[in-house]
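**Student:** just need the structure, nothing else, for what follows:
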Amino acid sequence: MSLEKETPGRGENYVLGLDYGSDSARAVLIDAATGETAGVSVRNYPRWTKGLYCDSAANRFRQHPQDYIDVLVETVREALAGKEALADRVRGIAIDTTGSTPCAVDGEGTPLALKEEFAENPNAMFVLWKDHSAVAEAEKITRTAKTWGGTDYTRYEGGVYSAEWFWAKILHVITEDPAVAGAACSFVEHCDWMTAFLTGVKDLGLIRRSRCAMGHKAMFHRSFEGGYPAADFLRLLDPRLVKIRETLGTETYTSDTPAGLLTGEWAGRLGLPPLIPVAVGAYDAHMGAVGGGVKAGVLVRVMGTSTCDVIVGPVPEAGEVPVRGICGQVEGSVVPGMIGYEAGQSSFGDVYAWFKGILMWPLEEVLPALPGG
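**Tutor:** Okay, the predicted model is just below:
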């Protein structure tokens, strides 16, 4: 019996996945009925590949938003190359990115680095997840959460706030760079900016913030009044954070929810029909766990530039119990209706790449310099 008869709907509906990793992005065209890959493309970020805007000695790793735009067009076009007839059968687009990777934006949600006056300013760019320039700010957040006399907002974040996360990075940027602080109306996670960008959202209040991103990295929890840390708490860190909080809304959204519809402009640039639903964004490791078959009782290890351990479980009837030492527990961050638990080893893959460089140094640098090399 043919596969077409065995699998009703085969070849009728497709979904387009966009994955933004640390060094490269990829587009994958998938048959919705069978899960078969119909097209794929991978492209490195051009500016990032050149090492621009980064300073490893200062733990600074920034990515220019233009890199994301450039590879978006290239990867989607290449994934569809020779399969243009399938473009009209694309029924949905979903995006995952690294995180926490926030960026300062103006009142329309445009990254400041896309403006001429900030085009070469690393503080106006996306602060990549592995940027550790905010160590002091993270320590301040943890210390304040434990001592301010109110709710410990780290309780669902494992109990310790990280330099890799949303509020620490924002606090570092606005402290270090008054010009960016003055121009920024808010900060937006990479996964949320991509969905807003493709769906034409130009109102900060209409950006559908990811439950995955904001729950695991921005201390959002539905039990907190307004979802996010209270204004009185943020004011102790820096009064400017209160204004940023006001732009975030009071709700976050799971990735089974549409963020909006693909605009006509971007449909034309990507070779797709307009008005395709674009799902609310999420983090790459969490969506990788979905692809890996995560379910209650099954731990998935997602290995890449870092390694994330992800598991899900039902919401306890007696109430959620905070787990210490992990990187967050968030209802709906992985699978809707279940709590997603995340832990792992930051920079796991980066450490291996560094070690490889150490081992290869004699072959690449010493031997060629020897006589006859």
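**Student:** which stretches of the stretch 251-373 of the chain have low pLDDT?
**Tutor:** Within the stretch 251-373 of the chain, the ranges that satisfy pLDDT under 70 run 347, 366, 370, 372-373.
**Student:** show me where it has strands.
**Tutor:** Secondary structure of the stretch 251-373 of the chain (DSSP state E, counting those that start in this stretch): strands at 258-261, 277-279, 282-283, 300-303, 307-314, 329-331, 338-345.
**Student:** who are the packing partners of the third one?
**Tutor:** Using 3 or more C-beta pairs under 8 Å, 6 or more residues apart in numbering; DSSP states H and E as the contact criterion, the elements in contact with strand 282-283 are strand 90-97, helix 211-217. (Each C-beta comes from the backbone N, C-alpha and C, glycine too.)
**Student:** direction included, what does that strand pair up with?
**Tutor:** strand 90-97 (parallel) (DSSP bridges).
**Student:** I'd like the next helix or strand past the strand it pairs with.
**Tutor:** strand 102-105 (DSSP states H and E).
**Student:** mean confidence for that next one?
**Tutor:** Per-residue pLDDT over strand 102-105 has a mean of 98.
**Student:** residues in contact with it?
**Tutor:** 65, 111-113, 123-127, 166, 169-170, 173, 180, 183-190, 193, 204 (C-beta atoms under 8 Å, 6 or more residues apart in numbering).
**Student:** can you rerun that using 6 Å?
**Tutor:** Contact partners of strand 102-105, identified using C-beta atoms under 6 Å, 6 or more residues apart in numbering, comprise 111-112, 124, 126-127, 166, 169, 180, 184, 186-189.
**Student:** okay, it in PDB with CA atoms only?
**Tutor:** Extracted as PDB, the C-alpha positions of strand 102-105 are listed here (Å, rounded to 0.1, in the frame of the first residue of the first chain):
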ATOM      1  CA  PRO A 102      16.600  40.700  24.500                       C
ATOM      2  CA  CYS A 103      17.100  44.000  22.600                       C
ATOM      3  CA  ALA A 104      16.300  47.600  23.300                       C
ATOM      4  CA  VAL A 105      13.500  48.800  21.000                       C
END
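**Student:** right, and the helix or strand after it?
**Tutor:** strand 126-127.
**Student:** check which element follows that next one along the chain.
**Tutor:** helix 135-147.
**Student:** which helices and strands does that following helix pack with?
**Tutor:** Secondary-structure packing of helix 135-147 (3 or more C-beta pairs under 6 Å, 6 or more residues apart in numbering; DSSP states H and E): helix 166-176.
**Student:** quick one: mean pLDDT for whichever helix or strand comes after the helix it packs on?
**Tutor:** Downstream of helix 166-176, the first helix or strand assigned by DSSP H and E is helix 178-183. On average, the pLDDT along helix 178-183 is 98.
**Student:** now do helix 178-183: distance to the chain's middle.
**Tutor:** With C-alpha atoms, centre = their mean, to the nearest Å as the basis, helix 178-183 stands 23 Å off its chain's centre.
**Student:** list the helices and strands the lengthiest helix in the chain packs on?
**Tutor:** Secondary structure of the chain per DSSP state H: the longest helix is helix 65-80. Packing contacts for helix 65-80, counted by 3+ C-beta pairs under 6 Å, 6+ apart, involve strand 24-31, strand 37-44.
**Student:** one step back: would you reformat the strands of the stretch 251-373 of the chain as CSV and include mean neighbour count?
**Tutor:** CSV is the format used below for the strands of the stretch 251-373 of the chain (neighbours: other C-beta atoms under 10 Å):
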stretch, mean neighbour count
strand 258-261, 20
strand 277-279, 22
strand 282-283, 31
strand 300-303, 18
strand 307-314, 19
strand 329-331, 24
strand 338-345, 20
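**Student:** which one of those lies closest to Met214?
**Tutor:** Proximity to Met214 (C-beta to C-beta) singles out strand 329-331 among those, at 8.5 Å.
**Student:** name every strand pairing with the closest one and say which way it goes.
**Tutor:** Here, using DSSP bridges, strand 329-331 pairs with strand 338-345 (antiparallel).
**Student:** what about Glu265, how many neighbours?
**Tutor:** Other residues within reach of Glu265 by the criterion other C-beta atoms under 10 Å amount to 11.
**Student:** ok, now how distant is it from Pro65?
**Tutor:** Using C-beta to C-beta, to the nearest Å, one obtains 17 Å as the distance from Glu265 to Pro65.
**Student:** buried residues in the longest helix of the chain, which are they?
**Tutor:** Counting neighbours by 16 or more other C-beta atoms under 10 Å, one finds that the buried residues in helix 65-80 are 65-68, 70-72, 74-80.
**Student:** now do that helix: everything it contacts.
**Tutor:** Helix 65-80 is touched from outside by 25, 27, 29, 39-41, 43, 45, 47-48, 87, 111, 113-114, 269-271, with contacts defined as C-beta under 6 Å, 6+ apart.
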